[in-house]
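Colleague: Generate a structure from the sequence data that follows.
(one chain, ligands or ions: 1)
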Amino acid sequence: MQLSNNFLWGGATADFQFDGAYQEDGRGLSTHDFETDGSVQHPRCNTFKTADGQFGELPSSFFAPDSLPDGAEPCLYEDRYYPSHKAVDHYHRYKEDIALLAGMGMNVYRFSICWSRIFPTGDELEPNEAGFRFYDGIFAELEKHGMQPLVTIHHDELPVALALKYDGWSSRHTIDCYVRYCKALFERYGKRCKYWLTFNEINAVRGFAACGTHKCDNQTHYNAVHNMFLASARAVKLGHEMMPGSMFGAMYAMSELYPATCKPEDVFTRLQKRRESYYFIDTMARGYYPSYAADLLARRGVTLHTEPGDDAILAAGALDYVSFSYYRSNVCSTETRMNVIGGDPNPYLELTPWGWPIDPLGLRFLMNELWDRYQKPLFIVENGLGAVDKVEEDGSIQDDYRIAFLKDHLRAMMEAIATDGVQCLGYTMWAPIDLVSLSTGEMKKRYGFIYVDMDDKGNGTLERKPKKSYYWMKDVIASNGEKLWAE
Ligand code: BGP
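Modeller: Coordinates of the predicted model:
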């Protein structure tokens, strides 16, 4: 079994987890800059000062965020470590990093542009020229190596000034700022970039760091989401006008979801839980809210703030492809309390060291579901295994567990494409070079084909070193997947 020659094989990263240089070249502060390091036992926090100037911290579990207290403002403290400030310093090492990815034969690289590098407060009318230079360099390196860029315009962060001044995505003003930011990107990079993602994991993000909203209640959240839908649709329309042939997606956190039993109530619960995510893809891929939206919002006590003309904006900006991250599956029943991820245990599946169920068949299932539902090409833009890697005495890293995980998932993907007939543009593995974990803020939760010498507190040489999986994946790509079946 083999994929076609134009299949896109690559890796994916995000600014605040990878790039660092948080104050260079005029970059403004971004909402993720206030997140500390953490671990499963001690979740990372957003630090802030209270209305009367006291230190405050808010556990920033990505998937269960909380509201900031009234009058609180995000604040940086010297005795805290904020991983995004340095990340793994891709900013100063991008040439070496991209050469390493190209060395594996990758033909696409997904990265996020940091909004506050281009518009430091989000409110400026003209972009920050110095902020473009880093990305100019990335585009040039990708061209040198014959790789396609896949750009995430908004990867869970925005200029903190927009959060403070307008409450982030609560405000329609943020839509205008976002469209201005998009226009600047399309003007600068329109000739060099075909594939764009308007938002990352838009169905999973909530709260201050990801949406810039001080509150997390459903009313605030779903209104903010409506504004993000409008922003995405306006960006898609503008992008199509400015860059004929460009293709737009948005990215969804898509765990496959199973009912705990065949009890009809559990199966129906599965449908309703599924719709919590489909709400996002249905609206953005089709260009209108699904029929169940009214019920979903009513059950959450939400009255959506819409304006005349919104429907036309959504309709004019439907997505070209459906992209998603896939790490795991979940189980639900009428008793389950869960967010986008999490749920009941699945006795049939093994877990990663971070407790995520490993389910390659779930990926094939999901790809079929999405293709059947939308009939738009898919793009798997995140999939991978977070694990602890050990550097052996001879300096090698024998990550056979990662190879096993990827082999099973890539086989499932190939079966969805070759056997089931699903259309899929490509696969970008998260994350080809070790970087800071989003949910825990750790460095030791490693995903890469390439090891980075750095610990949870930012100590280390930052030296890059290919792991065993690097050479394995290089062969997989060179054979367009055929090697996966030869072993
Ligand atoms: C997704 C994000 C990524 C990434 C990944 C892995 O939610 O889009 O930014 O980090 O998950 O998650 P984690 O880093 O928490 O293991």
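
Colleague: Contacts only, for the closest residue to P74 other than its chain neighbours.
Modeller: Distances taken as CB to CB, 6 or more residues apart in numbering place F34 nearest to P74, at 4.1 Å, with adjacent residues excluded. All C-beta spots, glycine's among them, are computed from the backbone N, C-alpha and C. Going by CB atoms under 8 Å, 6 or more residues apart in numbering, F34 touches N46, T47, F48, P74, C75, L76, Y82, V160, A209.

Colleague: filter these to the buried ones?
Modeller: N46, T47, F48, P74, C75, Y82, V160, A209 (16 or more other CB atoms under 10 Å).

Colleague: related to what we said a few turns ago, with secondary structure as added columns, please give the contacts of F34 in TSV.
Modeller: Putting the contacts of F34 into TSV (DSSP: H, G, I helix; E, B strand; the rest coil) gives the following:
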residue	secondary structure
N46	strand
T47	strand
F48	strand
P74	strand
C75	coil
L76	coil
Y82	coil
V160	helix
A209	helix
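
Colleague: Just the closest of the buried ones among the contacts of F34 to the ligand, please.
Modeller: Nearest to the ligand, judged by CB to the nearest ligand atom, of those is A209 at 11.5 Å.

Colleague: which ones are touching the closest one?
Modeller: So A209 contacts T31, H32, F34, E35, N46, S60, F62, P65, D156, E157 (CB under 8 Å, 6+ apart).

Colleague: And the closest residue to D420 other than its chain neighbours, what's its pLDDT?
Modeller: In space, and not counting its chain neighbours, D420 is closest to N368: 5.5 Å by CB to CB, 6+ apart. N368 is assigned 98 on the pLDDT scale.

Colleague: tell me what the helix or strand harbouring N368 is packed against?
Modeller: Element membership for N368 (DSSP states H and E) is helix 360-374. Counting contacts by 3 or more CB pairs under 8 Å, 6 or more residues apart in numbering; DSSP states H and E, helix 360-374 packs against strand 256-259, helix 264-286, strand 322-325, strand 378-382, helix 400-414.

Colleague: who touches that helix?
Modeller: Contacts of helix 360-374 (CB under 8 Å, 6+ apart): 254-256, 278, 281, 285-286, 322, 324, 326, 328-329, 378, 380, 383, 408-409, 411-413, 415-417, 420-424.

Colleague: Any chance of a PyMOL selection covering the buried ones in those residues?
Modeller: Buried subset of those, written as a PyMOL selection, criterion 16+ other CB under 10 Å:
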select buried, resi 254+255+256+278+281+285+286+322+324+326+328+329+378+380+383+408+409+411+412+413+415+416+417+422+424
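
Colleague: out of the contacts of helix 360-374, which touch the ligand?
Modeller: Filtering the contacts of helix 360-374 for proximity to the ligand by CB under 6 Å from any ligand atom leaves nothing.

Colleague: now the angle between helix 400-414 and the helix or strand encompassing G11, please.
Modeller: Element membership for G11 (DSSP H and E) is strand 8-12. With axes from the mean of the first three to the mean of the last three CA atoms, to 10 degrees as the basis, strand 8-12 and helix 400-414 are set at 130 degrees to each other.

Colleague: looking just at contacts, which helices and strands does strand 8-12 meet?
Modeller: By 3+ CB pairs under 8 Å, 6+ apart, strand 8-12 packs against strand 108-112, strand 148-152, strand 378-382, strand 424-430.

Colleague: distance between the third one and the chain's centre?
Modeller: Yep, that's strand 378-382 we're talking about. Averaging C-alpha positions (CA atoms, centre = their mean, to the nearest Å) puts strand 378-382 10 Å from its chain's average.

Colleague: Would you map the strands across the stretch 51-200 of the chain?
Modeller: 55-59, 73-74, 108-112, 148-152, 195-197 (DSSP state E, counting those that start in this stretch).

Colleague: So which of those strands is nearest H221?
Modeller: Among the strands of the stretch 51-200 of the chain, strand 55-59 comes nearest to H221, with 16.1 Å by CB to CB.

Colleague: mind listing what the closest one pairs with, with the direction of each?
Modeller: Using DSSP bridges, strand 55-59 pairs in its sheet with strand 45-49 (antiparallel).

Colleague: which residues touch V391?
Modeller: For V391, counting by CB under 8 Å, 6+ apart, the contacting residues are I397, Y451, K465.

Colleague: Can you name the residues of the stretch 151-300 of the chain sitting close to the ligand?
Modeller: N200, E201, A253.

Colleague: wouldn't the last one be in contact with E201 here?
Modeller: In this case it means A253. Yes. Using CB atoms under 8 Å, A253 is in contact with E201, at 4.3 Å.

Colleague: Quick check: neighbours shared by those two?
Modeller: Shared contacts of A253 and E201, counting by CB under 8 Å, 6+ apart, come down to S325.

Colleague: Excluding chain neighbours, what is closest to W354?
Modeller: G386 (5.4 Å).

Colleague: got a list of what the one you found touches?
Modeller: Here G386 is in contact with T352, P353, W354, W356, S437, K445, R446, Y447 (CB under 8 Å, 6+ apart).

Colleague: I'd like to know which of these are buried.
Modeller: T352, W354, W356, S437, K445, R446, Y447.

Colleague: Would you mind giving those as TSV with secondary structure added?
Modeller: Listed next are the buried ones among the contacts of G386 as TSV, based on three-state DSSP:
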residue	secondary structure
T352	coil
W354	coil
W356	coil
S437	coil
K445	coil
R446	strand
Y447	coil
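
Colleague: Spatially central, which residue of this structure would that be?
Modeller: N200 (4.2 Å; CA atoms, centre = their mean).

Colleague: From L314, how far off is the closest residue in space to A318 that isn't next to it in sequence?
Modeller: Closest residue in space to A318, ignoring its immediate chain neighbours: G287 at 3.6 Å, by CB to CB, 6+ apart. Using CB to CB, to the nearest Å, we find G287 at a distance of 5 Å from L314.
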